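Student: need a structure here:
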Amino acid sequence: MLKFTIRFICAFVSITSYGQTITMEKIGRTYQVPCTVNGLNMKFILDTGADNVSISLSEAQFMLKNGYLKEGELLNTEYYKMANGEIVKGTKLIIRSMVIGGLTLRNIEASVAHTLDAPLLLGQSALERLGRVTVDYQKNRLIIGETKEVFVTPQGSVVDFFINGNYKLDKGDLRGAIADYNKAIELNPNYTYAYNNRGNSKSRLGDDKGAILDFNKAIELNPDYSKAYYNRGCSKSSLGDKKGALADYNKAIELNPDDSDTYFNRGHSKADLGDHIGAIADFNKAIELNPDDIKAYNSRGISKYSLGDDKGAILDYNKAIKFDPKNSYAYNNRGNSKSRLGDDIGAILDYNKVIELMPDYSGAYVNRGVSKGRLGEHIGAIQDYNKAIKLNPRYEEAYCCRGLSKAKLGDKRGAVLDYNKAIELNPGFSWAYYERGLLKGTQGDKLAACLDWSKAGELGYESAYNAIRLFCK
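Tutor: I've put the predicted structure just below:
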């Protein structure tokens, strides 16, 4: 599943590969960044631990009096968290325009602290919109975007460890990132974003249980932090807790109803729980919010297929393929729908494309073999099943399908051996018992046939009971 990491995602501007540099003013242990807010020049303290951009009451009064803020832009009173964990009463507002180093951000959420001397903080509501942020402490520079320079990090700064952790996370140095987040949390145990990002690092290392503990802490510190619920949902899903994941995605959507990825993941959780109608509704919303989301079209197609709407599924797969002509999964899924509609020639063309794009995907060979078998091309089908088994020697469906084609060609002994192998690999494989029973029945071994059908029925293969009623009297 997709995961959110606070990595300062660029939304409005294109940054060169060498980054854009802003000179900061160092005052004590803080670094001030020059900004222009609604046309007014201001200096903000760089603070990745603060939830929002925040300004003091005196600054807000000045901006209102001189037309830099309008009364309609003051929204409501709220409580928000400072970097040191202190909860402060304030007024929520929306900044129309914030210019940082020539980059313009619009509609930034901010807070006015109800104290005259509160610091001006450049927090996450602006930073996460800038893209990658790197701090050069030797030259007092803030670099937005990629850079080839390497900087020495002074010890003891929470912000430094957090930013360095983000850099390592982006580069795939997950253990190094965790070490930096550990240090940031040691220096500030209330650092919500460090817990969130450490959780993502742990998840990417396969430690979803440890990740959930970090997301729990992030949520404890900030119960309105939608991304932590989203991330915890991803980890719960990875651990098989689909209902728990669904509950977290519900909460994330309640807090942030405009995030397409959360709808997409919730759709998958609903599909996993058998609610394909609900899944389609979520995939619809994901597509409404992000019409270019290829994965949402493919997933919606799968849910339509599960509901028997193959024509609707094909339309979605067509859309996914239009966006990405090398989307092997969409070709494979479209082939499945075409096959079920009786268009096995069209299905084979799609499976051919899958194999061209992913020559080691065993499932495509089995699917193509099934379509060839339906067209009477059992020799070609067996060749495909052979290839699938070579790629995946424990592919029980491939053995069962090959057994069926061998039986059609009169190789009953070879067919029985394949059914036996399928059952050996999966003793709960009801279809293999049923097919082996049919073959034994044609060979006159009524007792063995009835035993196989009885086992198939016991495992949930309903057609086996019809065979028992007809032949096992």
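Student: So if we follow the domain assignment, how does this structure break up?
Tutor: As assigned by automatic domain parsing, the chain contains the domains 1-148, 153-227+238-249.
Student: Compare these and say which comes out lowest on pLDDT.
Tutor: Ranked by mean pLDDT, the domains of the chain bottom out at domain 1-148, with a mean of 64.
Student: Quick check: closest non-adjacent residue to residue 341.
Tutor: residue 310 (5.1 Å; Cβ to Cβ, 6 or more residues apart in numbering). For every residue, glycine as well, the C-beta is placed using N, CA and C.
Student: Provide a list of residues in contact with the one you found.
Tutor: Residues near residue 310 by Cβ atoms under 8 Å, 6 or more residues apart in numbering: 304, 337, 338, 340, 341.
Student: mind redoing it with 6 Å?
Tutor: Residues near residue 310 by Cβ atoms under 6 Å, 6 or more residues apart in numbering: 337, 340, 341.
Student: and what of residue 188?
Tutor: residue 158.
Student: From residue 45, how far off is it?
Tutor: 15 Å (Cβ to Cβ, to the nearest Å).
Student: re earlier: pull up the per-residue confidence for the residue nearest to residue 341.
Tutor: 98.
Student: Check residue 415 too.
Tutor: The model's pLDDT for residue 415 equals 97.
Student: Touching, residue 380 and residue 372? I think so.
Tutor: Yes: using Cβ atoms under 6 Å, residue 380 is in contact with residue 372, at 4.6 Å.
Student: of those two, who's got more company?
Tutor: residue 372 (23 against 17; other Cβ atoms under 10 Å).
Student: could you measure the more buried one against residue 228, distance?
Tutor: On the measure of Cβ to Cβ, residue 372 and residue 228 end up 50 Å apart.
Student: How about residue 329?
Tutor: Counting by Cβ to Cβ, the gap from residue 329 to residue 228 is 30 Å.
Student: Please say which of the two ends up with more neighbours.
Tutor: residue 228 (30 against 21).
Student: Do I have it right that the more buried one meets residue 214?
Tutor: No: applying Cβ under 6 Å as the test, residue 228 and residue 214 come out as separate, 8.7 Å apart.
Student: show me where the stretch 251-400 of the chain has helices.
Tutor: Assigned by DSSP state H, counting those that start in this stretch, the helices in the stretch 251-400 of the chain fall at 260-272, 276-289, 294-306, 310-323, 328-340, 344-357, 362-374, 378-391, 396-408.
Student: Turn the ones you listed into a markdown table, including distance to residue 240.
Tutor: A markdown table is the format used below for the helices of the stretch 251-400 of the chain (distance: least, Cβ to Cβ, whole Å):
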| stretch | distance to residue 240 |
| --- | --- |
| helix 260-272 | 9 |
| helix 276-289 | 18 |
| helix 294-306 | 19 |
| helix 310-323 | 26 |
| helix 328-340 | 22 |
| helix 344-357 | 28 |
| helix 362-374 | 22 |
| helix 378-391 | 26 |
| helix 396-408 | 22 |
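Student: Figure out which of these is closest to residue 57.
Tutor: helix 260-272 (34.9 Å; Cβ to Cβ).
Student: can you list contacts of the closest one?
Tutor: Under Cβ under 6 Å, 6+ apart, the answer for helix 260-272 is 1-2, 230, 242, 245-246, 249, 252-253, 278-279, 282-283, 285-286, 289-290, 293, 296, 303.
Student: Show me what counts as buried in it.
Tutor: Across helix 260-272, burial judged by 16 or more other Cβ atoms under 10 Å covers 260, 261, 262, 263, 264, 265, 266, 267, 268, 269, 270, 271.
Student: Using JSON lines, lay out those residues together with pLDDT.
Tutor: Shown next, in JSON lines, are the buried residues of helix 260-272 (pLDDT from 0 to 100):
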{"residue": "260", "pLDDT": "93"}
{"residue": "261", "pLDDT": "93"}
{"residue": "262", "pLDDT": "95"}
{"residue": "263", "pLDDT": "97"}
{"residue": "264", "pLDDT": "96"}
{"residue": "265", "pLDDT": "96"}
{"residue": "266", "pLDDT": "98"}
{"residue": "267", "pLDDT": "97"}
{"residue": "268", "pLDDT": "96"}
{"residue": "269", "pLDDT": "97"}
{"residue": "270", "pLDDT": "97"}
{"residue": "271", "pLDDT": "96"}
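Student: Widest-spaced pair of these?
Tutor: 260 and 271 (16.5 Å).
Student: Now the buried members of the contacts of residue 310.
Tutor: When these are checked for burial by 16+ other Cβ under 10 Å, the buried set is residue 337.
Student: Can I get the contacts of residue 310 in CSV including pLDDT and distance to residue 140?
Tutor: Formatted as CSV, the contacts of residue 310 follow (pLDDT from 0 to 100; distance: Cβ to Cβ, whole Å):
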residue, pLDDT, distance to residue 140
337, 98, 60
340, 97, 65
341, 98, 66
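Student: Save the contacts of residue 310 as JSON lines, and put in distance to residue 112 too.
Tutor: Shown next, in JSON lines, are the contacts of residue 310 (distance: Cβ to Cβ, whole Å):
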{"residue": "337", "distance to residue 112": "55"}
{"residue": "340", "distance to residue 112": "60"}
{"residue": "341", "distance to residue 112": "61"}
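Student: For residue 447, state which of the contacts of residue 310 is nearest.
Tutor: residue 340 (35.5 Å).
Student: Run through the residues that contact the closest one.
Tutor: Counting by Cβ under 6 Å, 6+ apart, residue 340 touches residue 310.
Student: do residue 122 as well
Tutor: So residue 122 contacts 33, 44, 46 (Cβ under 6 Å, 6+ apart).
Student: what's the distance between it and residue 32?
Tutor: 9 Å.
Student: Kindly report the same for residue 307.
Tutor: Distance of residue 307 to residue 32, computed by Cβ to Cβ: 58 Å.
Student: out of the two, which sits in the more crowded spot?
Tutor: Between residue 307 and residue 32, residue 32 has the larger neighbour count (other Cβ under 10 Å), namely 18 against 14.
Student: Show me what the more buried one is bridged to.
Tutor: Here residue 32 sits in beta bridges with residue 25, residue 45, going by DSSP bridges.
Student: Pull the distance from stretch 299-310 to the chain's centre.
Tutor: In terms of Cα atoms, centre = their mean, to the nearest Å, the centre of stretch 299-310 is set 20 Å apart from its chain centre.
Student: Okay, buried residues for it please.
Tutor: 299, 300, 301, 302, 303, 304, 305, 309, 310.
Student: Stretch 215-235 too?
Tutor: Applying 16+ other Cβ under 10 Å to stretch 215-235 flags 215, 217-219, 221-222, 224-235 as buried.
Student: Strands of the stretch 51-200 of the chain, start to end?
Tutor: 53-55, 74-81, 87-100, 103-113, 121-122, 133-136, 141-144 (DSSP state E, counting those that start in this stretch).
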